[in-house]
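> Starting from these lines, generate the structure:
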Amino acid sequence: MVLALAAGAAEEQAHGLVFERWLRETFFEGYNPKGYTQKWDIPAEANKDHGRIPVNPKVAKYGMPVGMGDALRQFDINEPFLLIVGFWDQETPETKRFVNAQAVRVEPETWRKLWGDITREDLDRMVAVVKDPALTIEEARARVAAMKKTAPYNRTVIELNPKLDRSQRRLQCSLGFAAFFDRLAPAADRSRQEKPAVFGIPVPNRIESKPRK
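Next up, the predicted model:
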C-alpha cells in the first residue's frame, strides 16, 4: 500500500506529516494540533494510553541524525516525554519506506545529559550570533562553526545546527543516529526491519514522497 500525500504538503516533506497523522489517529484519539507553535505536537492530555506524557513525533532518514527542531525550545524541556521516530529509506524516486520505528520514554535527567555542561546562557550567545543582522550569512556561519569547536559547545551529544539562508536565521539541533540508540534506546534493534511497528502496530509501509532537494 502506498499512502498519498498529506493535503497541502510539499512532496519531499509529506512522509513526516503522514507519519505524525498516522500516530495521532492510531494512538492518540485523532488529536488535531491547534497550531504549529504549540509546545508539544501531541500534549500529555491527548496521550491517555502510553504514559500520559507529551509526545514528540519525528522522522529521519535511516542512518542520519534525528532533527529535533529549535535548540532553545529543546534545551528547556524539563519533563518526561515520549519520542517516537520513524526511520525511512528512499525506496524509489517517488516513494519512501519506513524501515525502523522506535517509541522511547525520555526522562528529563537523561535529556539533560545529552547537552553536556552547556547552559541556557551559552545557547543564547550562539543564537545571538546566528541572528545578528550586522553579520552576513557567511560571517555568522563561520563564527558559529568556530564556537562549536570550543567548550562547552564541543562537549555535547546533541548537535547544534544553525539554519542560515535568505529566509531564516535559526539555531536548531539534532541527535545523531548512533547517539539516539546508544543514549535513548540501547536495547532496541537498530537494523532495517521488514515490518517496523509502534506499540505493536505496523507502520504504514510506503509513502508518496520525493527526495528532498
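> Which element is encountered next along the chain beyond the longest helix along the chain?
As assigned by DSSP state H, the longest helix anywhere in the chain is helix 14-27. Using DSSP states H and E, the helix or strand that follows helix 14-27 in sequence is strand 55-61.
> In its sheet, which strands sit next to whichever helix or strand comes after that next one, and in what direction?
Following strand 55-61 in sequence order, the next helix or strand is strand 66-70 (DSSP H and E). Strand pairing for strand 66-70, using DSSP bridges, gives strand 168-175 (antiparallel).
> Can you list the buried residues in the longest helix of the chain?
For helix 14-27, burial by neighbour count (16 or more other CB atoms under 10 Å) applies to 14-24, 27. C-beta: built from backbone N, CA, C; applies to glycine.
> what's the average pLDDT for it?
In this model, helix 14-27 has an average pLDDT of 91.
> Near the residue nearest to residue 202 when sequence neighbours are not counted, how many other residues are there?
Nearest residue to residue 202, sequence neighbours excluded (CB to CB, 6 or more residues apart in numbering): residue 195, at 5.1 Å. Neighbourhood size, residue 195 [other CB atoms under 10 Å]: 10.
> Confirm that residue 195 sits in a strand.
No - Residue 195 sits outside any strand when classified using DSSP: H, G, I helix; E, B strand; the rest coil, being coil.
> residue ranges with poor pLDDT in the protein?
By pLDDT under 70, the weakly predicted segments of the chain are 1-13, 210, 212-213.
> Let me see the contact set for the nearest residue to residue 65 once chain neighbours are set aside.
Distances taken as CB to CB, 6+ apart put residue 174 closest to residue 65, at 3.9 Å, once the chain neighbours are dropped. Residues near residue 174 by CB atoms under 8 Å, 6 or more residues apart in numbering: 65-68, 158-159, 161.
> Also residue 196?
Residues counted as contacts of residue 196 (CB under 8 Å, 6+ apart) are 86-87, 98-101, 202-203.
> Just the endpoints, please. Distance across stretch 173-186?
End-to-end span of stretch 173-186 (CA to CA, to the nearest Å): 21 Å.
> How far off centre is it?
11 Å (CA atoms, centre = their mean, to the nearest Å).
> Paired strands for the top strand by length along the chain, with orientation please.
If you go by DSSP state E, the chain has its longest strand at strand 95-106. Its sheet considered, strand 95-106 pairs with strand 81-90 (antiparallel), strand 206-208 (antiparallel) by DSSP bridges.
> Out of these, which is closest to residue 124?
Nearest to residue 124 among the strands paired with strand 95-106 is strand 81-90 (22.9 Å), distances taken as CB to CB.
> Just the buried residues of the closest one, please?
Neighbour-count burial for strand 81-90 flags 81-88, 90 (criterion: 16+ other CB under 10 Å).
> Any buried residues in stretch 172-192, and which?
Within stretch 172-192, the residues that qualify as buried are 172-177, 179-181, 183-185, 190, counting by 16+ other CB under 10 Å.
> follow-up on the earlier one: who's in contact with the longest helix of the chain?
3, 5-6, 9, 30-32, 41-42, 46-47, 49-50, 55, 57-59, 84, 86, 88, 96, 98, 198-199, 201, 203-204, 207-209.
> and residue 165, which of the strands paired with strand 95-106 is closest to it?
strand 81-90 (23.5 Å).
> Thank you kindly, that will do.
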